[in-house]
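Visitor: Starting from these lines, generate the structure:
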Amino acid sequence: MNLRPNQHEPDWAHHIVVIHLNAGSETANGHEIYYAIRQDGSGDSESYPFSSRIHHFFDQNSIRACRGLHSCNATEGADNILRWGYGLFWWTRRRSAISASLLETVFITNPGDEDFILDPTNQALVAQCIHQGMDEHVRNRPRSRPR
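Guide: Alright, predicted model coming up:
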């Protein structure tokens with residue numbers, strides 16, 4: 001797994017998006033989005049605006065209840081790896097400069113959220129929100145690398 005972020009580090013790779021279904025009690029519901037901050041705790045110049053644009057489209061399209069947009073520091077120890085890490089997201093933030101977002105789309109343990117995400121129309125809506133956020137971010141950010 002240590003090599004994965006390096007495989008995604010070429011000039012054309014700017015962002016990693018990890019999409020998950022959350023789990024918890026049957027009453028927990030909604031979406032939340034985590035943006036990565038660097039291993040040294042400093043801010044990432046693109047993870048927050050990238051994640052916030054996706055978050056905006058989730059809210060605009062009423063993708064379940066909004067649980068917020070949160071920062072995630074990849075240096076908080078083993079518990080952090082289990083809670084936030086989810087493989088490539090954690091390793092990407094710890095070992096590379098690629099911006100990363102972790103999208104918890106719904107709580108699969110909540111019957112209402114489960115019904116929502118199993119509906120193909122809602123799956124398409126979630127995908128559309130992710131695409132719109134990514135597209136808006138790419139179109140509006142300053143170009144740091146040539147295409």
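
Visitor: isn't residue 57 right up against residue 129?
Guide: Yes: Residue 57 lies in contact with residue 129 (C-beta atoms under 8 Å); the separation is 3.9 Å. From N, CA and C alone the C-beta is placed, and that goes for glycine too.

Visitor: Neighbour count: these two, which is higher?
Guide: The residue with more neighbours, out of residue 57 and residue 129, is residue 129; 23 against 20, by other C-beta atoms under 10 Å.

Visitor: how close does that one get to residue 67?
Guide: As judged by C-beta to C-beta, to the nearest Å, residue 129 and residue 67 stand 15 Å apart.

Visitor: mind showing which ranges of the protein have poor pLDDT?
Guide: Where the chain drops to pLDDT under 70, the residues are 1-13, 38-45, 73-98, 142-147.

Visitor: That one: helices as residue ranges?
Guide: Per DSSP state H, the chain carries helices over the ranges 4-7, 47-60, 78-80, 88-95, 111-118, 120-140.

Visitor: how close does the nearest residue to residue 22 once chain neighbours are set aside sit to residue 115?
Guide: Excluding the flanking residues, the one nearest residue 22 by C-beta to C-beta, 6 or more residues apart in numbering is residue 104, at 4.2 Å. Distance, residue 104 to residue 115, by C-beta to C-beta: 17 Å.

Visitor: Compare neighbour counts for those two and give me the winner.
Guide: residue 104 (20 against 11).

Visitor: That one and residue 24 touch, don't they?
Guide: No: taking C-beta under 8 Å as the definition, residue 104 is not a contact partner of residue 24, at 10.0 Å.

Visitor: what residues are shared contacts of these two?
Guide: Overlap of the contact sets of residue 104 and residue 24 (by C-beta atoms under 8 Å, 6 or more residues apart in numbering) is empty.

Visitor: can you tell me which residues contact the nearest residue to residue 70 once chain neighbours are set aside?
Guide: Ranked by C-beta to C-beta, 6+ apart and with sequence neighbours excluded, the top spatial neighbour of residue 70 is residue 34, at 5.1 Å. By C-beta under 8 Å, 6+ apart, residue 34 lies in contact with 51, 69-72, 84, 89, 101-102, 104.

Visitor: Sweet, I'm off.
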